[in-house]
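>>> dropping the sequence and predicted coords here.
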Amino acid sequence: MTITAQQVAELRRRTDAPMMDCKKALVETQGDIEAAEKWMREQGKLKAAKRSVRTAAEGRVLMKIAASRKKAILIEINCETDFVAKDESFVRYCELVAQRVLEEDEADIETIKSMPLENGVSIEEARQTLVAKLGENIQLRRLARLSSNYFVSGYSHGHRIGVIVAIDKSDEALAKDISMHIAASRPMALDKSNISEAVLNIEREIYFKQSQDSGKPEHIIAKMVEGRIQKYIKENCLLGQPFVKNPDQTVEALLKAKDVRVEAFIRFEVGEGIEKEVQDFAAEVQAQMKGV
C-alpha cells in the first residue's frame, strides 16, 4: 500500500523519530498510525536493551527548586557522548524529567521511571524512544532531594555540575555564594561529624605508610599522621574551607558573620564515580588497516 507524506508527518509529530523510521513503521503496520507508534516503541525497547551495556558517563545534571523555596532536587541523566548531552531532544527530555520529579516526593529512581511524563507516555518509555532516536545508551543514574523549613537554593555550573543547599535564613545571595563555593571546592562533608571514621582510618593508614620511611620515632610519626588528618578534615569539610570569594575567610567565619547555618548540601557532577572506557583510536585505526 502507499504511505502518504501526511501519515509520515503525523507519526513523526507523535514520536519525534526520523522520517525514514516513521515510514518503515507505517509500512510494517500497513499504514495504521496507532499500530506504527506501538511498533516503534517495541523496537525502541529492543534497541535500548542492546545499548544498555555501553558506558554512559556523559550527560546532564539538573537542579530544580520549588517555588516555595522549601525543597529542591538534583538529578543526573547520562548518555555516552557530550555531543548527545547537548542534543535538543536529550536536553528537552532531561528538563521534562527534572520538572516532573520536582513535583513528586518519590526518591527512588526506579519508581520514578514508571511516572507519566507527557501524552500518557512514561519516563521509561520516553527514554527508550530517545535511545532509539539518538543511538546511545541513556540512563537515569541518580536523584537527590533536599528540603528545609527555612530556605533552599542552588547553583548549576553549565550542564555538568549541580548543587543544592539548605540554610536557616532566607538569604538568596548568600545561599548562591555557598552553592558556587561547593561547586568549585568539592567539599565531601559539612563538618568533621559528617565524615565517617572509616574514611579517616583509611587516610590514617595511607599517611602512616608514607611516613614510615622518614626514620622518625613512632610517637613522632603518630603526631605527624594526626596533623595530616586534621588538614584533611579542614580541606574536605565545607566549614573549614577558605571561602572562594575571599580566601582569607573560612566558610564557617562567613556564616558566623551572617548569623546563618547551613543545614545540608548535595553536589552532583556528571560521570563522577563511573569508570570510563578509554579508547585508543590510533590503535583502532591501525588494527583496521591491517585487516584490510
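Received it, and whenever you're ready, just let me know what you need.

>>> what sits closest to L62 if chain neighbours are left out?
Of all residues not flanking L62 in the chain, A98 sits nearest, at 3.9 Å (CB to CB, 6 or more residues apart in numbering). C-beta coordinates here come from the backbone N, C-alpha and C atoms, glycine included.

>>> host element of the spatially most central residue of the chain?
Residue closest to the average C-alpha location in the chain (CA atoms, centre = their mean): E76, at 2.4 Å. Assigned by DSSP states H and E, E76 falls within strand 71-79.

>>> can I see the domain layout of this protein?
Residue ranges for the domains of the chain, per automatic domain parsing: 5-51, 58-194+237-269, 197-233.

>>> quick check: buried residues in the helix or strand encompassing M180?
Following DSSP H and E, one finds M180 within helix 172-185. Neighbour-count burial for helix 172-185 flags L174, A175, D177, I178, S179, M180, H181, I182, A183, S185 (criterion: 16 or more other CB atoms under 10 Å).

>>> my guess is the third one contacts K245. True?
Yes - between D177 and K245 there is a contact at 6.5 Å, judged by CB atoms under 8 Å.

>>> could you list every residue that touches E104?
I112, M115 (CB atoms under 8 Å, 6 or more residues apart in numbering).

>>> swap that for F208, please
Counting by CB under 8 Å, 6+ apart, F208 has contacts I221, V225.

>>> the domains of the chain into TSV, with extra columns for distance to E275 and mean pLDDT?
Shown next, in TSV, are the domains of the chain (distance: least, CB to CB, whole Å; pLDDT from 0 to 100):
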stretch	distance to E275	mean pLDDT
domain 5-51	18	75
domain 58-194+237-269	13	95
domain 197-233	20	86
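
>>> burial count for D171?
A total of 17 residues lie near D171 under the criterion other CB atoms under 10 Å.

>>> surely the residue nearest to L62 meets A72?
No - applying CB under 8 Å, one finds A98 not in contact with A72, separated by 10.6 Å.

>>> more neighbours, the two?
Remark: of A98 and A72, A72 carries more neighbours, 24 against 20, as counted by other CB under 10 Å.

>>> the more buried one bridge partners, please.
Applying DSSP bridges to A72 yields these beta-bridge partners: I65, L146.

>>> ok, it touching A66?
Yes - counting by CB under 8 Å, A72 does reach A66; the two are 6.7 Å apart.

>>> got any residues that touch both of these two?
L102, V152.

>>> quick check: the gap between E104 and I73.
As for E104, its distance to I73 is 9 Å (criterion: CB to CB, to the nearest Å).

>>> what do you get for T81?
25 Å.

>>> tell me the buried residues in stretch 238-249?
L238, L239, G240, Q241, P242, F243.

>>> just checking, what packs against the strand holding E76?
strand 58-65, helix 88-103, strand 139-147, strand 151-157, strand 161-167, strand 262-269 (3 or more CB pairs under 8 Å, 6 or more residues apart in numbering; DSSP states H and E).

>>> hmm, back to that, what number of residues lie near the spatially closest residue to the residue nearest to the centre of the chain that is not a sequence neighbour?
Using CB to CB, 6+ apart and skipping the chain neighbours, the partner closest in space to E76 is R141 (4.5 Å). Counted by other CB under 10 Å, the residues lying close to R141 total 18.

>>> dump the residue contacts of R141.
So R141 contacts A56, G59, E76, I77, N78, I109 (CB under 8 Å, 6+ apart).

>>> can you check N149 too?
K70.

>>> go with 10 Å
K70, A166, D168, E263 (CB atoms under 10 Å, 6 or more residues apart in numbering).

>>> try K23
I3, A5, Q7, V8, L11, R12, A36.

>>> how about those residues, which pair is most distant?
Largest separation among those by CB to CB: A5 and A36, giving 14.5 Å.

>>> re earlier: which of the contacts of N149 sits closest to P116?
Distance to P116 across those (CB to CB) is lowest for K70, with 24.6 Å.

>>> so the closest one sits right up against R145, yeah?
No - K70 is not in contact with R145 according to CB atoms under 10 Å; the separation is 11.3 Å.

>>> the two: which is more packed in?
The residue with more neighbours, out of K70 and R145, is R145; 18 against 15, by other CB under 10 Å.

>>> done for today, thanks.
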